[in-house]
Every structure is written in structure tokens, then in C-alpha cells.
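> Here's my sequence, what's the structure:
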Amino acid sequence: MTGPRRLSHDVAEELISASLTGDLTDAESADLAAHLAACERCTATAAAWADSRRLLSGIRHVAAPRDLGARVRAGVEGGRLMDVPWYRRPAFAMASVGALAAAALVMAIVIGMPDGRPPVGSSSPLPSGVTGSPSPSESPSGSPSATPPAPSATEPARPLAQLPPDYRVEYAFDVPGDITRGTTVKVVDQATGETVRTLTPGNEIFAGTPTEARLSPDGSWLALRLLQEMKGTELLYAVQLDGDAVVALGETLPDPFAAAMHWSPGDGRYLAYTLVDTGEADGANGAADVFIFEPPSERITRLTATGGTYAGSWAAGGGDTAVLWVSLAAGPRPTSYTVTLRRDQPVPADINPATDTTDQFVVDDVFAPLWSPNGSQVLFWSGAMEATPFGWQFVGEGGVPKLGVVEDTAQLAARSTPVFAGYPDGLASARMTWNPSSNAYAIWAASGSDDPAYPDETRVYFAAFEQRTDPLLDATRALDVADVPDGGRVIDVALAPDARHLALTVAYPIPGDLAQPVAELILVTRNYGDEADVTQTLGPSEVWVGPAIYATGPP
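Numbers count the residues shown, from 1 in each chain. As a prediction, this is how the structure comes out:
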């Protein structure tokens, strides 16, 4: 599964500019061609720059300001340029400034045209098959073989990924690039592109980049997690999509084991989540407990009061009762319990699951169980834990993520299998999720491994049972490296019900304290063997796009 690497829009635009100067390698040219084949935005940019080049060809040369070189060198030495290998080259730094100056001049020319459009018909300096076929003298590397041949008239275009998510979240500043001028959070219907709900930070919510979004089963409420970049904490909200209500659910430290929010199955009467104390109120920094939100009444109840309890998932089912798994981290090994909530009774408050509940399952050495939606399988952690100022963490050899496929819940830990086949050591943490059909799961953001082979915190591991009978993971089950652009970090993963498609929220480093945080929503069609995955970027560029929500059931 090899192929061109996945590019972000910013890097693609820099490659487009570099193609004007003949400064692309063969690999970079192939990367750009693959990106343009699936990106309308960058294709339009390429065409505009190509026409701009033709327009500028007859304009006399104007000398650059005397201090231009010094300014560029100061920018490079100050580290303000992105860490992209090819434009670290000093020669291109000057070419980029020249391209910006030329672009400003072209704007003046285009504005003066009768119809407001640049003329067409010019040859393109870009890889063939994009906006035209360059002659050998115009090829980026100076030779006809530097770019792939243009497709024939009968060759089908590269297919785009299919089955987009039902919703996506967007986060943008009112004035692009200026975080002091107001922000908005939008929930967008992916099928129509229409905004379902708009939130204004400072009025309804506090500003922050969205890192998790979970839709209630009836589609009326959205649980939303926002990261406060400067403060380092997360804010949780419940947002009514078919009304005006916005409920603040609390503030938490960003603990990976507290990262999931769980709606009860059926009518979504309850939302379970974990808050890790930030230490601002009473100094109990790192204490974790489970909370329950009830949409009908907008009531919030602290379910547990142990300082070391995390919410697992709900047991499959519904009706008048809802069964929640919670995990006590304290002890030689963590222990998980079921807590039953009844519609005709108030949610219990401040309990200790080990002593204050009855009619429950108890399983040892099981932490944060995540049951598949149909209740047939479960992902969970085993290993010893200890309290820290940042929440509870695995100690010693680390935690081992396991997959349980047995019906005997009491023997869950003993009769389950480590998810990463043949991997001897534990991990510090990782994120996990199931698809709605219960026939695929994904693990990402794995950390704490000393093995250079796997698991890898930069990769997404995906097991689809319909594709391979073995439900466990190894290095071959990771998505293609090219699925995530260079420098990107996977924040969230949403799985489609067809066990073939994934929507990745991929964030990029913020270039400065006052810059707009940027994330892309990348739809991946998973392929196997030597066939590369197909990727497609969803939503607008240069803002924060994601997470995604698949709300549909099995196809």
C-alpha cells in the first residue's frame, strides 16, 4: 500500500508555486499531481497561477527593495517558516517572496479586464494531467519524464472516497488569522452543506478547538468537547440541535481515558462522561469521577465520588433501564462495575460503585470497557494504575488493550486477547472506537511504546471483521502512512457503518500564539493488499474542520 504522500492544502500550494521555478523533485511532482487529482480548490489555484504566469511573462522587471533579502533571511533564521523539507532551501525562500509580489501585480491586471476574468489557453507549468501538458523545457525538472503522463480520454478519473459522515463540526475566527476578532462553532449537515447550529463563543460557550462530538441516538442533542489551547483544559457542552439550549457540562484535564462521552442506547436519555479535576477549586487535582446529563430536564448529577472512577460505555439495550459500566482505578488492578439507572427513579448521586450498588456485574482487571453497539464484543484495558496530578495512569509495564469476545462476563479479563497480536509490552494510553455496525473498530493516538515497529502514536489502526477474519491488530492493520499529511496529528476518528470508511480529524501545529488553529477532516476509503487507500478532504480549508459524526445505523 504505497503511493504519493498525502498533502495539506498549504503544502500543496507551496508545491504549486515551486513548480513555477522548476524546483520540484520527481517525488514532489507526483505528490502534487495526486493531490490535485482529488482537490478542486488546489486545482483552481493551480490554474489561476498558471494564467498569472502567462500574464506576467511580458511585464518588465522591477527591482526588489534593497532590504528584501535581509527580511527574508531574518524570517528564515527566526524559524517562522513551516518545517517542509523542500522549501527550507534558501533559493526558494526568495522565489516565494517574488511569487507573492507577482500575485499582487496580477490582481491589479485582472481587475482592469473587461469581464473580470484572466484569459485562458496558456500552457501550464504544473504536472501534466492537471491543467495542461508542459513541454520538455517547461517541465519542473527540465525533462519530459519528470511528471506522470496525462490520462487518455478513455481513462477513468481517480474515484473520490464515498460515504461521508452525517455531520461535521467547524471552528473558525470571524477574521481569518486573527483570534482576537470573534469565533464561531458550527455543526454542518454534510449531505447538504447547511449549518444546523451556530454557537458563538463568549456568548453561549467558551472558545476552544473541537476534539470530540457525539450525537444522541435520536439526533436531537450533540455532546461537544472543546480544548482550550492556552489553558490546557477541556470544556464539555451539550448542544440541542432541534432547539436553542446549550448546557455547560464541566471542565476537565485532557485525560485520554476520560476522552469519550457516551449516550445511553435507545432514546439517549442519559449522557455519561468523566471529569478529571483541574485543581482550581479545592486542590484535588487529578481526581476523576463520572457525571450523568439528562437532556429532558437538563439536569447534571455527579454519579460517583471516589476520585478514581471513569465512565465506560453503556450495555446494549434500552427500555425503562439503562446499564452503565464504570471503572474504579484504585487497587492492585482496576475493577469495573455496572450501575443501573431507572427511568422512574432519580439518578443516584455521589456513590461508590464498590459498596453502594446492588444487582451488578463486577469484573477484575478491566478498565474503561467499550462495548460494541450490539453488545457482542468489548474493548478494554488491563494493568495496574496509580493516581497522578493529571488523572489515573498505568504504571509498571503499562496497560494492555484487549478484545473480549466471550459471553462469560465474569471471566472477561482472563478469556480475552491483547488487541495488538504478538506485542509483548503495554501502553501508556490510546483512543478506541467502534463503528455503528459492531463489525469494525479503530485505535489511534497510542503512546508509551518502546517498540519502533508498533503501536505508533502517529498511526490509525483499523480492524474490519468483514475484510479479515482475524479481529486483532498488527503493523499491517495500520492505515497507509500517506493518509495523514506530513506534520498532521490525528485528533479524532469516526467510523462509518460499512466497515470501510473512516473520517479523521487531523490537526496541524499552530504557527503562532495569535494564529488560527487548523484541522482537516479527511475521509479515508480503506483498501487492502497493494492497493493504496483513497482519501478526500471534506469541508473548507484554513479553518478547524472536525470532528465528524456518523449517525446512521447499518446499511
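> contacts and neighbour counts: CA atoms only from here.
Noted.
> The nearest residue in space to Pro217 that is not next to it in sequence is in what secondary structure piece?
Nearest residue to Pro217 in three dimensions, chain neighbours excluded: Gly268, at 5.4 Å (CA to CA, 6 or more residues apart in numbering). Under DSSP states H and E, no helix or strand contains Gly268.
> can you tell me how far Gly268 sits from Val187?
19 Å (CA to CA, to the nearest Å).
> was I right about the residue nearest to Pro217 contacting Ser220?
No: Gly268 is beyond contact range of Ser220, at 9.2 Å (criterion: CA atoms under 8 Å).
> so what pLDDT did the residue nearest to Gly317 when sequence neighbours are not counted get?
Of all residues not flanking Gly317 in the chain, Pro265 sits nearest, at 6.3 Å (CA to CA, 6+ apart). Pro265 carries a pLDDT score of 91 in this model.
> same deal with the one 3 residues further on?
Looking at Gly268, its pLDDT reads 91.
> What is the neighbour count of it?
21 (other CA atoms under 10 Å).
> which residues does it contact?
Contacts for Gly268 (CA atoms under 8 Å, 6 or more residues apart in numbering) come out as Ser216, Pro217, Asp218.
> Neighbour count and distance to Glu397 added to those residues, as a markdown table?
Listed next are these as a markdown table, based on neighbours: other CA atoms under 10 Å; distance: CA to CA, whole Å:
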| residue | neighbour count | distance to Glu397 |
| --- | --- | --- |
| Ser216 | 24 | 37 |
| Pro217 | 18 | 38 |
| Asp218 | 12 | 42 |
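> any idea which of those residues is closest to Ile292?
The nearest member of the contacts of Gly268 to Ile292, counting by CA to CA, is Ser216 at 13.7 Å.
> In the stretch 451-555 of the chain, where is pLDDT below threshold?
Residue ranges of the stretch 451-555 of the chain with pLDDT under 70: 452-454, 466-470, 512-514, 552-555.
> can you give me the strands for it?
460-464, 489-495, 501-508, 518-525, 534-538, 544-549 (DSSP state E, counting those that start in this stretch).
> between the third one and strand 518-525, how many degrees?
If you take axes from the mean of the first three to the mean of the last three CA atoms, to 10 degrees, strand 501-508 sits at 160 degrees to strand 518-525.
> For strand 501-508, name the packing helices and strands.
When contacts are defined as 3 or more CA pairs under 8 Å, 6 or more residues apart in numbering; DSSP states H and E, strand 501-508 packs onto strand 489-495, strand 518-525, strand 544-549.
> again, only this time at 10 Å
strand 209-215, strand 460-464, strand 489-495, strand 518-525, strand 534-538, strand 544-549 (3 or more CA pairs under 10 Å, 6 or more residues apart in numbering; DSSP states H and E).
> these two touch, right, Val362 and Thr338?
Yes: here Val362 lies in contact with Thr338, judged by CA atoms under 10 Å, at a distance of 7.0 Å.
> quick one on the thing from earlier: near the residue nearest to Gly317, how many other residues are there?
For Pro265, using other CA under 10 Å, the count is 22.
> now do Ala191
There are 11 residues near Ala191, going by other CA under 10 Å.
> circling back: now the contacts of Gly268 as a markdown table including pLDDT?
Converted to a markdown table, those look like this (pLDDT from 0 to 100):
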| residue | pLDDT |
| --- | --- |
| Ser216 | 94 |
| Pro217 | 92 |
| Asp218 | 90 |
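> just those residues now: which is nearest Thr233?
Ser216 (24.1 Å).
> The closest one and Tyr270: what is the separation?
From Ser216 over to Tyr270 (counting by CA to CA), the distance is 9 Å.
> ditto for Val524
Counting by CA to CA, the separation of Val524 from Tyr270 is 31 Å.
> Val481 too?
For Val481 relative to Tyr270 (CA to CA), the value is 38 Å.
> So for these two, which residue has more residues nearby?
Neighbours were counted for Val481 and for Tyr270 using other CA under 10 Å; Tyr270 has more, 25 against 19.
> Asp320 is in contact with the more buried one, correct?
No: in this structure Tyr270 lies outside contact range of Asp320 using CA under 10 Å: 11.9 Å.
> Common neighbours of the two, please.
Each of Leu341, Arg343 lies in contact with both Tyr270 and Asp320 under the rule CA atoms under 10 Å, 6 or more residues apart in numbering.
> list the contacts for the nearest residue to Ile510 once chain neighbours are set aside?
Distance criterion CA to CA, 6+ apart; nearest residue to Ile510, sequence neighbours excluded, is Pro517 at 5.7 Å. By CA under 10 Å, 6+ apart, the residues touching Pro517 are 171-173, 177, 179, 208-209, 229, 507-511, 542-545.
> helices and strands of this structure: which one bottoms out on pLDDT?
helix 90-111 (a mean of 36; mean pLDDT, DSSP states H and E).
> Past that one, which element shows up next along the chain?
Assigned by DSSP H and E, the successor of helix 90-111 is strand 167-175.
> Tell me what angle that next one forms with strand 501-508.
Going by the same axes, to 10 degrees, strand 167-175 makes 20 degrees with strand 501-508.
> So which bits of strand 167-175 are buried?
Neighbour counts over strand 167-175 (16 or more other CA atoms under 10 Å) mark Tyr167, Arg168, Val169, Glu170, Tyr171, Ala172, Phe173 as buried.
> Same question for stretch 353-369.
Those would be Pro353, Ala354, Val362, Val363, Asp364, Asp365, Val366, Phe367, Ala368, Pro369, for stretch 353-369 by 16+ other CA under 10 Å.
> Same question for stretch 417-430.
Thr417, Pro418, Val419, Phe420, Tyr423, Gly426, Leu427, Ala428, Ser429, Ala430.
> just stretch 267-276 next, same as before
Neighbour count says stretch 267-276 has Gly268, Arg269, Tyr270, Leu271, Ala272, Tyr273, Thr274, Leu275, Val276 buried, by 16+ other CA under 10 Å.
> Assign a three-state SS to the residue lying closest to Ala384 once chain neighbours are set aside, would you?
Among residues not flanking Ala384 along the chain, Arg333 sits closest, at 4.8 Å (CA to CA, 6+ apart). Arg333 carries the three-state label coil when classified by DSSP: H, G, I helix; E, B strand; the rest coil.
> Please tell me how far Arg333 sits from Val363.
11 Å.
> next one: Leu370
Here the criterion is CA to CA. By it, Leu370 lies 14 Å from Val363.
> what do you get for Pro471?
23 Å.
> Tyr441 now?
23 Å.
> which SSE is Thr43 in?
Here Thr43 is assigned to helix 40-56, by DSSP H and E.
> okay but Phe380 is in contact with Gly312, surely?
Yes: counting by CA under 10 Å, Phe380 does reach Gly312; the two are 8.9 Å apart.
> Quick check: neighbours shared by those two?
In contact with both Phe380 and Gly312: Phe367, Ala368, Pro369, Leu370, Trp371, using CA under 10 Å, 6+ apart.
> List just the nearest of the residues you listed to Arg197.
For the shared contacts of Phe380 and Gly312, the nearest to Arg197 is Leu370 (29.3 Å; CA to CA).
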